[in-house]
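In: fold the following and give me the result.
(chains A and B)
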Amino acid sequence: MLKLDEIQKRLLREVADLHEVPEGAYNIRSNSQSAGRQSTANIEIVSKEDVSGLEIRIRPGTKNESVHIPVVMTQSGLKEVVYNDFFIGEGADVVIVAGCGIDNCGNQDSQHDGIHRFYVGKNARIRYVEKHYGSGTGSGKRILNPGTEVYMEEGSYAEMEMVQIKGVDDTERTTTAELAAGAKLLVRERLMTHGEQRAISRYVVNLNGEGASADVVSRSVARDRSFQKFDAKIAGNAACHGHTECDSIIMDEGRILAVPALEANNVDAELVHEAAIGKIAGEQLTKLMTLGLTAAEAEEQIINGFLQ
Amino acid sequence: MLELKNISFLVDDAGKDKEIIRDVSLTIPDRKLVVVTGPNGGGKSTLARLIAGIEKPTAGRIFFNGEDITELGITERAQKGIAYAFQQPVRFKGIRVLDLIRIAAGKTLSVSDACQYLSSVGLCARDYVDREVNASLSGGELKRIEIATVLARKAVLSVFDEPEAGIDLWSFRNLTEVFQRMREDIRDSSILIISHQERILNIADEIIVIKGGTVEKRGSREEVYPHLMRTEVAELCEGPYQPVGKGNAGC
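Out: A predicted model of the protein is given here:
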């Protein structure tokens, strides 16, 4: 791997499970520079010319290939907005791993705003994994504001796993999706905030075509004095199925605001939302303690399981 | 060996003290299977919770292998070798059956070792080991997993609070075998089962009858069982004791 120090390598492991140069197509961005890139016969990665970012073109019919585009930042005070566009060809089936790790040891804020647009072709399938991680002892904040836009053509499928477990001080995540007939979107968000952190997550999903479906599920834990807001709206504009769920554990002086919203614009739209916020059930702690765990270990097990 | 000395447990009932357990003294010897039985509301489950450390007695002392454990918490008692199977098992989102069995065993068990515990409670291990211990499991499945976690602990004293409740007849027949195998597998250990079930009473070395928060009778199965039958027949006709498995017992 090119020009990466130990901290950068550690961040890469955290956000993309990368220990070595990944197989397949990849672009590794480190402190606003490309630290390595590879295209394949079916997946082309090129830099945008007008703004900072990438165009990733996946040929129709590409199967069982992956794209890794992790970002690491270790320079305090760096602020960047990056636009990455993914064009997934008809019938392709690929895994896309993004993610951003910030290590800020300085006293200036570091910020990465990644704007990802996905154009998912007819009958194409993607699995997208995006992990956020922050570390460093500096007083400068670690800020991530991801914007995700998903445009899904007929019969396409997208599974999106968004994970932010540790160290990110401030996040505003906005995800929008437009689904044509028969398209299916699955979102699994896992979030833990601690300290004084703040995380806002917004979803707007439009089910525009007959048979479109979306399932947006968030599991989150708010500890210490952190604050979270989950704001998910699904609009059914055709005969479709939509489900949104926010399931949260609240601890210490944490606060969570869940604002699930449904909008049915068609008589055949079937939309459901669920939201539950509560502290860890006492009997769960008791059960694990009867197995020999301390209260703190039991709490950790429950949270780890919940965020699996 | 577990010894309860003059244990009482009071709760606040609308501003008045209500005695759930009243001056109970008893011993659970090593290598014995002791069944605690008696009418509902008599204090049996509270007794089990007091032993596990979930409740603290308002008076009296508890000794485990000679050590006073009255002031010890749930974790410390578990670490000293007391296991406890809940009457109503707890559900967890995201924690798999395998995770729970591994936590219970206190070490990294191989999947096949973990599966053995599931098989011994009549579950097809392959179908369950990766499932979450959540609301997707039926009450009966959860109950069997609960028993499997206690088996995995290989504890010195295992306490089961109504293990038969919610378990179907097929697995119930095997349940008594589970306890008998447990006695063979964990040497020098003792087992305390709270139960109304005739089949479980039948495998007891000793039976303790708890009623109204006190020990009404205790002794070997041979001694207590006939007494129990007579009491049950009487109470069946008057309520409230509802033993399982005997039909109307002649009334």
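In: strands paired with the helix or strand containing residue B:210, and their directions?
Out: Following DSSP states H and E, one finds residue B:210 within strand B:206-211. With DSSP bridges as the test, strand B:206-211 is paired with strand B:33-37 (parallel), strand B:214-220 (antiparallel).
In: export those to TSV and append columns for mean neighbour count and mean pLDDT.
Out: Glycine gets a C-beta too; all of them are placed from N, C-alpha and C. Below are these laid out as TSV (neighbours: other C-beta atoms under 10 Å in any protein chain shown; pLDDT from 0 to 100):
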stretch	mean neighbour count	mean pLDDT
strand B:33-37	25	95
strand B:214-220	16	93
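In: quick one, what contacts the closest residue to chain B within the stretch 101-250 of chain A?
Out: Here the residue of the stretch 101-250 of chain A nearest chain B is residue A:247; by C-beta to the nearest C-beta that distance is 7.3 Å. Contact analysis of residue A:247 by C-beta atoms under 8 Å, 6 or more residues apart in numbering or on different chains lists A:217-220, A:274-276, A:306, B:93.
In: likewise for residue B:77?
Out: Applying C-beta under 8 Å, 6+ apart to residue B:77 gives the contacts B:51-53, B:64, B:69.
In: doesn't it fall inside a strand?
Out: No. Applying DSSP: H, G, I helix; E, B strand; the rest coil, one finds residue B:77 to be helix, outside a strand.
In: quick one: the strands in chain B?
Out: Taking DSSP state E as the criterion, chain B carries its strands at B:2-13, B:16-28, B:33-37, B:59-64, B:67-68, B:82-85, B:157-161, B:190-194, B:206-211, B:214-220.
In: give me the contact list for stretch A:27-44.
Out: A:1-4, A:8, A:12, A:21, A:24-26, A:45-47, A:52, A:54-59, A:62, A:65, A:67-75, A:78, A:80, A:82, A:94.
In: buried sites along that stretch?
Out: By neighbour count on 16 or more other C-beta atoms under 10 Å in any protein chain shown, the buried set for stretch A:27-44 is A:27-30, A:35, A:37-40, A:42-43.
In: spell out which parts of chain B neighbour chain A.
Out: Contacts of chain B with chain A, taken as C-beta under 8 Å from any C-beta of the partner chain, map to B:52, B:54, B:73-75, B:78-79, B:83-84, B:86, B:89-90, B:92-96, B:99-100, B:103-104, B:106, B:132, B:149, B:153.
In: give me every residue that touches the closest residue to residue A:266 other than its chain neighbours.
Out: Nearest residue to residue A:266, sequence neighbours excluded (C-beta to C-beta, 6 or more residues apart in numbering or on different chains): residue A:238, at 5.3 Å. Going by C-beta under 8 Å, 6+ apart, residue A:238 touches A:181, A:207-212, A:266, A:268-269.
In: where does chain B have low pLDDT?
Out: Applying pLDDT under 70 to chain B picks out residues B:169-171, B:232-251.
In: how about the strands in the stretch 51-200 of chain A?
Out: For the stretch 51-200 of chain A, the strands defined by DSSP state E, counting those that start in this stretch occupy A:53-58, A:63-68, A:71-73, A:79-88, A:93-97, A:100-103, A:110-120, A:125-135, A:142-144, A:147-152, A:157-166, A:170-179, A:184-193, A:198-207.
In: mind checking which of those is nearest residue B:36?
Out: Within the strands of the stretch 51-200 of chain A, the stretch nearest residue B:36 is strand A:184-193; the backing value is 42.9 Å (C-beta to C-beta).
In: hmm, who's touching the closest one?
Out: For strand A:184-193, contacts defined as C-beta under 8 Å, 6+ apart pick out A:150, A:152, A:156-166, A:175, A:177, A:179, A:199, A:201, A:203, A:205, A:212-224, A:226-228, A:254, A:303, A:307.
In: now do it: distance to the chain's middle.
Out: The chain centre lies 7 Å from the centre of strand A:184-193; the measure is C-alpha atoms, centre = their mean, to the nearest Å.
In: mind listing what's buried along that strand?
Out: Counting neighbours by 16+ other C-beta under 10 Å, the buried set in strand A:184-193 is A:184-187, A:189-193.
In: angle of it against strand A:157-166?
Out: Angle, strand A:184-193 to strand A:157-166, by axes from the mean of the first three to the mean of the last three C-alpha atoms, to 10 degrees: 0 degrees.
In: still on that earlier bit, give me whichever of the strands of chain B is most buried.
Out: strand B:82-85 (a mean of 26; mean count of other C-beta atoms under 10 Å in any protein chain shown).
In: quick one: strands adjacent to that strand?
Out: strand B:157-161 (parallel).
In: distance between the strand it pairs with and the chain's centre?
Out: Offset of strand B:157-161 from its chain centre (C-alpha atoms, centre = their mean): 4 Å.
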